[in-house]
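J.: Pasting the sequence and the predicted model now:
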Amino acid sequence: MTLIPEDIRARLLANGAEITTNDDHIPLIKLINPRGRGCWLISEIDPERPNRVFALSGINYPTLGYIEFDEPNRRIGRLKLPVERVSNFTAQYTLSVYLFAARRAKQIIENETLLAEVKAHLQSINQGGAQ
């Protein structure tokens, strides 16, 4: 199985090309380390360096950032961890919602209740700041 199918790769590259400080894309790919707890939600590919992806990653204190990705060898990050794509992953929220929920849970999660709660909280903060 291809880790990043061509149609999704095109969308990730488009997200990377359009990036501004206000962009908050929906992650399009979820990769996992089948032998450990590693998880990455990828929202963009750097069009100038296609082996760099922008992702939410980490355990205990998840963070956003660019990560080196060696797709032919199915490896990610400076530790070159082996990865697999979660083929049935469909994100419902933007990367910032997943980030704040992951920081609360100390791991990347897909718990609908917590994600919806975080989304509502972030929206209330944004609306309060806009008034």
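T.: Structure's in. What do you need?
J.: Every contact and neighbour count from this point should use C-alpha atoms.
T.: OK.
J.: Angles on the backbone of the residue nearest the centre of the chain, please.
T.: The geometric centre of the chain, computed from its C-alpha atoms, lies nearest to residue 41 (CA atoms, centre = their mean), at 2.5 Å. Dihedral pair for residue 41: phi -110, psi 120, per degrees, to the nearest 10.
J.: Can you tell me how far it is from residue 127?
T.: Here residue 41 is placed at a distance of 26 Å from residue 127 (CA to CA, to the nearest Å).
J.: just residue 69 next, same as before
T.: 37 Å.
J.: For the helix or strand residue 125 falls within, could you pull out the residues that count as buried?
T.: Following DSSP states H and E, the helix or strand that holds residue 125 is helix 112-130. Across helix 112-130, burial judged by 16 or more other CA atoms under 10 Å covers 114-116, 118-119.
J.: What helices and strands are in contact with that helix?
T.: helix 95-105 (3 or more CA pairs under 8 Å, 6 or more residues apart in numbering; DSSP states H and E).
J.: starting at the chain centroid, how far to the helix it packs on?
T.: Distance of helix 95-105 from the chain centroid (CA atoms, centre = their mean, to the nearest Å) equals 10 Å.
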